[in-house]
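J.: Provided below are the primary sequence and the corresponding predicted coordinates.
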Amino acid sequence: MQLFIIRHCQSENNALWRENGSDDGRFPDPSLTDIGHQQAQILANFLASTSGTEAFGITHLYCSLMRRSVQTATPIAGALDLPLLAHNDIHERGGIYLKNPQTEINEGLPGPNRDHFQAHHPHLILPESLGEEGWWNRPYEEREDALPRARRFFTWLDESHGGTDDRVAIISHGGFVQSLFSILLGAAMVFTTTESSRELWIKTNNGSISKVDFWEEAIRFTYLNRVEFYPPHLIT
C-alpha cells in the first residue's frame, strides 16, 4: 500500500491566522478561500497529469466531513475520475466548535447533517452512520483524544488496504496529520530537556502531499510536504 497524505488547501481560518496570528473571529467549519480554490485545482491537475515514474496512480480517495476537506477533494475526485468517500476519523483536532466568549470554553457544535451534504455535495459518499443531527454533534475534542482516533484510523487503513497495491489518498488536516505521524513514528512528538518540553511539529503546507510506503518489512516515509507544483505566491 502507498498512502498519500494531503492537507486541505487554504481555508478562511488559515488566512485569518496568516493575517492576524490569532484565532479571533474563526469559523467553526471554514470554507476554502479564493487562494484555496486555486490551490485545489492546481493540486487536482498535478495528481492527474503526472506520468511515468512520477505517476501517482491513486486508486482510493478519502476526505473528512469538514467543508475545507470536501472542497479540496472534490476537484481531485473529478480529475482522477474516482469516487470520493467521506471518512469519520480524519477530521481536524477539536471537531466542529467555537469558543464561548463568556466562559472561554470551546463548545462543540452539530456540524452539517446528511441532508446538507446530499444537497450541496451529492457526489460525496457518506458514512452510513451520518444522520440528521449533524456529523459532529458532540463536545469539543481534547488534543489527547486525537491520538486514539489516529490509531483507530490506521488500524482501519491497514485492515482495508494493507498488503495490497492500493494507492490511497486522504485529504485531511494539519493537526490530524501530526497525530497520524505520531502513531506511525511510535513517538509522543514532544522534545523534552531537563528544563522544558516542546511539541515536535512536522510542517505541512496547505495542499501539500506527503507519501508513506507500507511494505511487509518496513514503513518508508518517501517524502514530506511536497509543494513545488504551486507557483510561489500560492504556497501558504
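T.: Ah, there it is.

J.: OK, contacts around residue 134?
T.: 96, 109-113 (Cβ atoms under 8 Å, 6 or more residues apart in numbering). For the C-beta atoms, the positions are set from N, CA and C on the backbone; glycine is no exception.

J.: let me know the secondary structure of it.
T.: The three-state label given to residue 134 by DSSP: H, G, I helix; E, B strand; the rest coil is coil.

J.: name the nearest residue to it, sequence neighbours excluded.
T.: Leaving aside its chain neighbours, residue 134 sits nearest to residue 110 (2.8 Å; criterion: Cβ to Cβ, 6 or more residues apart in numbering).

J.: then residue 212?
T.: residue 3 (4.6 Å).

J.: quick check: that neighbour vs residue 125, distance?
T.: 19 Å (Cβ to Cβ, to the nearest Å).

J.: find the centremost residue of the protein, please.
T.: Nearest residue to the geometric centre of the chain (Cα atoms, centre = their mean): residue 172, 0.7 Å.

J.: I'd like the distance between it and residue 231.
T.: Where residue 231 is concerned, residue 172 sits at a distance of 24 Å (Cβ to Cβ).

J.: so what's the model's average confidence on the strand or helix carrying residue 183?
T.: Per DSSP states H and E, residue 183 falls inside helix 174-185. Averaged over helix 174-185, pLDDT sits at 92.

J.: which helices and strands does it pack with?
T.: Helix 174-185 sits against strand 2-7, helix 143-161, with contacts defined as 3 or more Cβ pairs under 8 Å, 6 or more residues apart in numbering; DSSP states H and E.
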